[in-house]
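J.: Sequence plus predicted model, see below.
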Amino acid sequence: VRLSPTVPASAVLHLPTLRIRAGKVHADMAFTHAVPKTQRTGHTIALGVDWGLNTLLSAGAARLHDDGRITALGAGASFRTAGVLAKQHRLRREGQHLHTKAAQYERLIAGDNGHALTGKHQALADEIRKVSHRRSNLNNALAWAAARWAVDQAIAAGATVIYIEDLRSMEAKGMGRTHNTRLSQQVRGQIMDRMRHLAAETGIAVVTVPAANTSKHCPQCLMPLRHRKAPDRRTTPGWKWAICPNLDCRWQGDRDQGAWRRIAARGLTHQTKTVLDRDSGTYSVRKIVEKLETRAAIHTAPVTSPVDRSKTGPTRPHSTRPAPRRRRAPSPTRPQGPAGKRPEGHAHTARQPLPRAAHRDQRVTTISTPTSRHTPRGAALGAGFHLHAHASPPRWLEPAPDTTSCVGSVN
């Protein structure tokens, strides 16, 4: 068996596993190598990760200072998989339809192997297996992509721990049949397992924290938020945009962006309460302490401008020779062809107005779900998985870390 270049030189090889595939014998050679040990406490930079529906993951980094203050590092990032989830729902509906037809054939056949519908029932069974296999492959690709994205964000921010909402508190109860189905299709458990696997390579700990009130309270003053219509969807009722009613705070933004701030701050303040489950080897914060929760607020630096903006004089400097409103000399004759200089006439000094739809709702705080539907580019041509997912790129440190190696098995 020849090892691939991704296997470290110090890797410890294990006994191979033989398997037969397409008439050939393959040997799977597993290997392990030493990785940095994860720590439960002593973290100063953490990545907070929030679960969502349309936006599968929202994440951002926070720093714990020596004086106990917690500040956010940047505006955060998001991992949207609207196209992948739409494909999941389509395959789920197709599988349910095939199962219904297969059950009807079974009732008609009633155990008769010579029945005329036996062949059709076997064809349906084969199609059901194909659809199930496609769903499994899609879930596996989604889990690896989401986990890799979250770990890359942590590496880029220099974080030593990833705090994520506890999956047990995310169970959909009493929210309707459609909502429960959407939550169950997001393979959150697989994403967590892949995230722990990838984060262990670089010594990053993955800790689950309680999800209570992470989207309900303000990340800066911990007051209950008021939910409003998003600025880019003013005609659509919803709850995605949040505004703090505290006059001294007045924080507003996407509720998912506020949630990861709350998760990161809660994890940093409760890191002394992190426990290790020896059976599964996972870290978790099981209970919220009110005394520590009062410190889990994101502090913002005062806004200072290095330039004096006081209006003690004229806003615009006056020139002794102002530009004329009309040309004093005629323009040259128009040349033959499409190219040429500005024609004669009035010289406009005002700024050209933007197109009608270009200047509307184009603010830096407009970060909610886009109004346009997801268009899977190239899907009809068999395009790849990543054309259905939209992720914020990580801002790497210098130099960029190695993200191509992985722990696994080689043939």
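T.: Ah, there it is.
J.: all helices in the stretch 51-200 of the chain, in order from the N-terminus.
T.: Under the criterion DSSP state H, counting those that start in this stretch, the stretch 51-200 of the chain contains helices at 82-109, 118-157, 177-184, 188-201.
J.: isn't Asn140 right up against Ala147?
T.: No: counting by C-beta atoms under 8 Å, Asn140 does not reach Ala147; the two are 10.9 Å apart. Quick note: C-beta positions are derived from backbone N, CA and C, even for glycine.
J.: With neighbour numbers in mind, choose between those two.
T.: Taking neighbours as other C-beta atoms under 10 Å, Asn140 and Ala147 compare with Ala147 leading, 22 against 13.
J.: burial of the residue lying closest to the more buried one once chain neighbours are set aside, as a residue count?
T.: Nearest residue to Ala147, sequence neighbours excluded (C-beta to C-beta, 6 or more residues apart in numbering): Arg194, at 3.5 Å. Counted with other C-beta under 10 Å, residues neighbouring Arg194 total 21.
J.: Pull up the gap between Arg194 and Ala59, please.
T.: Distance of Arg194 to Ala59, given as C-beta to C-beta, to the nearest Å: 15 Å.
J.: Pro394 now?
T.: Separation of Pro394 from Ala59 (C-beta to C-beta): 10 Å.
J.: next one: Arg90
T.: Relative to Ala59, and taking C-beta to C-beta, Arg90 is found at 28 Å.
J.: just Arg196 next, same as before
T.: In terms of C-beta to C-beta, Arg196 sits 16 Å off from Ala59.
J.: Which of these two has more residues huddled nearby?
T.: Ala59 (28 against 20).
J.: List the contacts of the closest residue in space to that one that isn't next to it in sequence.
T.: Of all residues not flanking Ala59 in the chain, Val49 sits nearest, at 4.6 Å (C-beta to C-beta, 6+ apart). Counting by C-beta atoms under 8 Å, 6 or more residues apart in numbering, Val49 makes contact with Leu57, Ser58, Ala59, Ala150, Ile162, Tyr163, Ile164, Glu165, Trp260, Ile263.
J.: 7 Å instead?
T.: Counting by C-beta atoms under 7 Å, 6 or more residues apart in numbering, Val49 touches Leu57, Ala59, Ala150, Ile162, Tyr163, Ile164, Trp260, Ile263.
J.: ok so it is a strand residue?
T.: Yes: counting by DSSP: H, G, I helix; E, B strand; the rest coil, Val49 falls inside a strand.
J.: For Asp279, grab the count of nearby residues.
T.: By other C-beta under 10 Å, 6 other residues sit near Asp279.
J.: Tell me the predicted confidence for it.
T.: Here, the pLDDT recorded for Asp279 equals 87.
J.: Mean neighbour count, the helices of the stretch 51-200 of the chain: which tops it?
T.: For these, average neighbour numbers computed from mean count of other C-beta atoms under 10 Å are highest in helix 188-201, which has a mean of 19.
J.: which helices and strands does that one pack with?
T.: Helices and strands touching helix 188-201, by 3 or more C-beta pairs under 7 Å, 6 or more residues apart in numbering; DSSP states H and E, are helix 118-157, strand 205-209.
J.: With mean pLDDT and distance to Ser284 as added columns, please give these in JSON lines.
T.: JSON lines is the format used below for the helices and strands packed on helix 188-201 (pLDDT from 0 to 100; distance: least, C-beta to C-beta, whole Å):
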{"stretch": "helix 118-157", "mean pLDDT": "92", "distance to Ser284": "17"}
{"stretch": "strand 205-209", "mean pLDDT": "95", "distance to Ser284": "5"}
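J.: Ok, which of these comes nearest Leu108?
T.: Closest of the helices and strands packed on helix 188-201 to Leu108 is helix 118-157, at 8.8 Å (criterion: C-beta to C-beta).
J.: in the stretch 251-400 of the chain, which segments are predicted with low confidence?
T.: Applying pLDDT under 70 to the stretch 251-400 of the chain flags the ranges 301-388, 396-400.
J.: Quick one: classify the nearest residue in space to Trp241 that is not next to it in sequence as helix, strand or coil.
T.: Of all residues not flanking Trp241 in the chain, Ala230 sits nearest, at 4.3 Å (C-beta to C-beta, 6+ apart). Under three-state DSSP, Ala230 falls in the coil class.
J.: Could you report the distance from Ala230 to Pro393?
T.: Distance from Ala230 to Pro393, by C-beta to C-beta: 23 Å.
J.: of those two, who's got more company?
T.: Per other C-beta under 10 Å, whichever of Ala230 and Pro393 has more neighbours is Ala230, with 21 against 10.
J.: Surely that one touches Lys240?
T.: Yes: counting by C-beta atoms under 7 Å, Ala230 touches Lys240, with 5.1 Å between them.
J.: Strands - which of the contacts of Val49 land there?
T.: Judged by DSSP state E, strands contain the following of the contacts of Val49: Leu57, Ala59, Ile162, Tyr163, Ile164.
J.: Out of those, the closest to Thr269 would be?
T.: Thr269 lies nearest to Tyr163 out of the ones in strands among the contacts of Val49, by C-beta to C-beta, at 10.5 Å.
J.: Grab the nearest non-local neighbour of the closest one.
T.: Closest to Tyr163 by C-beta to C-beta, 6+ apart is Gly267, at 3.2 Å.
J.: Am I right that that neighbour is in contact with Ala46?
T.: Yes: applying C-beta under 7 Å as the test, Gly267 and Ala46 come out as touching, 5.6 Å apart.
J.: which of the ones in strands among the contacts of Val49 has the most neighbours?
T.: Among the ones in strands among the contacts of Val49, the one with the most neighbours (other C-beta under 10 Å) is Tyr163, at 31 neighbours.
J.: Appreciated, that's everything.
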